[in-house]
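1. no sequence for this one, just the structure:
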């Protein structure tokens with residue numbers, strides 16, 4: 001393994017890039033590392049200028065090339081019982097512990113450590129590096145990255161996102177749509193029959209969501225490559241009411257669809273809206289026109305569906321040494337990049353079983369495998385072009 005890989009990973013882990021915080025110190029470190037090899041970086045920021053994406057090109061940008069991509073942010077450690085400092089990498093028995101080792105700073109470290117070799121490989125065609133912010137909270141940063149990529153002289157012909165797949169080649173993942181529902185009722189004393197109970201009307205919507213979810217589970221559509229093999233719906237957060245003897249004036253909740261790539265969420269959203277407008281609003285507004293139900297899409301991450309016969313899949317399978325492909329139920333930035341016209345696969349070190357948990361780790365063996373994969377993939381992809 002490259003001598004600098006573990007040192008770079010140790011530095012990356014030391015930056016607390018929890019999504020609610022800035023990632024600029026981490027980006028500055030990556031930018032400085034690349035500048036040591038004469039590589040310029042272009043940044044794009046969030047509105048507050050507290051977070052940034054980084055896009056860098058190794059080699060001549062006017063030719064077709066490949067994109068290696070990953071996110072810099074990590075999930076919180078709040079409420080987790082870590083045996084070691086999560087922001088100080090700890091090595092034990094072939095495992096590297098720390099927040100983000102698996103998801104997904106291990107891949108970033110390997111990519112950065114390989115930069116000297118990648119520069120040689122990219123002598124006649126480019127290798128683009130893209131590191132984003134806020135993937136963990138709705139793939140927000142990649143939306144600002146796409147215009148950067150579109151300004152390249154030639155769009156990349158293939159992309160690898162190094163999310164933790166245990167180095168298995170993933171060609172599909174579900175989409176994820178998060179919605180917020182606000183129910184406005186009419187407050188009154190609980191002994192009276194004059195108000196509109198916001199919690200009860202919210203409960204009717206949640207019950208309908210559950211019924212739709214059961215229908216999808218029983219009737220599909222299905223894709224056996226996913227586990228579970230159907231679109232899922234769940235309500236995750238709900239708030240409402242002030243006291244047990246006050247008819248609640250307000251209730252709001254958040255729910256999500258995790259849709260199969262070939263089942264967009266719009267039809268499901270329309271079904272919920274129809275239920276609200278036909279069955280609930282008339283009853284509420286018969287009591288008071290000040291009541292209402294308001295539904296907003298908070299984030300909408302497209303699914304990934306790369307054809308098995310795509311060139312990027314063949315290249316990735318050859319580089320990984322395997323013949324199989326897989327699909328995953330968690331989301332990545334792959335669907336966004338695919339929508340931008342970049343053929344994409346997911347393949348990276350570590351396991352999702354370790355991600356987002358206390359004592360997160362990646363094995364040294366997986367990092368070695370990732371290193372071999374990247375060398376092989378970029379060489380073959382640039383030769384193939």
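-> All right, it came through fine. These numbers were taken from a predicted model, which means no experiment stands behind them.

2. drop to CA atoms for contacts and neighbour counts, all remaining ones
-> Fine.

3. Residue 55 - that's part of a helix, no?
-> No. Assigned with DSSP: H, G, I helix; E, B strand; the rest coil, residue 55 falls outside any helix and is strand.

4. I'd like the distance between it and residue 141.
-> 12 Å (C-alpha to C-alpha, to the nearest Å).

5. Looking at these two, which one has more neighbours?
-> The residue with more neighbours, out of residue 55 and residue 141, is residue 141; 24 against 21, by other C-alpha atoms under 10 Å.

6. Grab the nearest non-local neighbour of the more buried one.
-> Spatially, and ignoring its direct neighbours in sequence, residue 141 is nearest to residue 133 (4.8 Å; C-alpha to C-alpha, 6 or more residues apart in numbering).

7. is it true that the one you found touches residue 145?
-> No. Using C-alpha atoms under 8 Å, residue 133 makes no contact with residue 145, being 9.6 Å away.

8. Spit out the residues that contact these two alike.
-> Residues touching both residue 133 and residue 145 (C-alpha atoms under 8 Å, 6 or more residues apart in numbering) are residue 53.

9. So which of those two has more stuff around it?
-> Higher neighbour count among residue 133 and residue 145: residue 133, with 32 against 23, using other C-alpha under 10 Å.

10. need the contact list for the more buried one.
-> The contact partners of residue 133, by C-alpha under 8 Å, 6+ apart, come to 19, 23, 51, 52, 53, 71, 72, 73, 139, 140, 141, 142.

11. switch the cut-off to 7 Å
-> If you count contacts by C-alpha atoms under 7 Å, 6 or more residues apart in numbering, residue 133 has them with 51, 52, 53, 71, 72, 73, 141.

12. Starting from residue 47, give me the distance back to the fifth one.
-> Looking back up the chat, that one is residue 72. Per C-alpha to C-alpha, residue 72 is found 18 Å from residue 47.

13. So between the two, which is more surrounded?
-> residue 72 (30 against 8).

14. got the contact list for that one?
-> 17, 105, 131, 132, 133.

15. do residue 206 as well
-> residue 235.

16. Helix or strand: which one has it?
-> Using DSSP states H and E, residue 206 sits in helix 198-219.

17. Kindly provide the whole-number mean pLDDT of the very next helix or strand once past that helix.
-> Using DSSP H and E, the helix or strand that follows helix 198-219 in sequence is strand 232-240. For strand 232-240, mean pLDDT rounds to 97.

18. count of residues packed around residue 35?
-> Count around residue 35 with other C-alpha under 10 Å applied: 12.

19. Spatially nearest residue to it (excluding sequence neighbours)?
-> Counting by C-alpha to C-alpha, 6+ apart, the residue nearest residue 35 is residue 41, at 7.9 Å.

20. So the one you found sits against residue 30, correct?
-> No. Residue 41 is beyond contact range of residue 30, at 9.2 Å (criterion: C-alpha atoms under 7 Å).

21. Now for the contacts of residue 133: which two are most distant?
-> 51 and 71 (11.8 Å; C-alpha to C-alpha).

22. still on that earlier bit, so of the contacts of residue 72, which ones are in strands?
-> Among the contacts of residue 72, the members falling in strands (DSSP state E) are 131, 132.

23. Nearest to residue 79 among the contacts of residue 72?
-> Out of the contacts of residue 72, the member with the shortest distance to residue 79 (by C-alpha to C-alpha) is residue 17, at 17.1 Å.

24. Quick one: residues contacting that closest one.
-> Residue 17 makes contact with 23, 72, 73, 74, according to C-alpha under 7 Å, 6+ apart.

25. Pretty sure the last one sits against residue 100.
-> To tie it back to what came earlier, the one meant is residue 74. Yes. At 5.9 Å, residue 74 counts as touching residue 100 under the criterion of C-alpha under 7 Å.

26. who's more crowded, those two?
-> Remark: of residue 74 and residue 100, residue 100 carries more neighbours, 32 against 28, as counted by other C-alpha under 10 Å.

27. Would you mind measuring from the more buried one to residue 328?
-> Distance from residue 100 to residue 328, by C-alpha to C-alpha: 19 Å.

28. cool, and residue 335?
-> Counting by C-alpha to C-alpha, the gap from residue 335 to residue 328 is 12 Å.

29. Residue 128 should be in a strand, yeah?
-> Yes. The assignment for residue 128, made by three-state DSSP, places it in a strand.

30. ok, it touching residue 56?
-> Yes. Counting by C-alpha under 7 Å, residue 56 is a contact partner of residue 128 at 5.7 Å.
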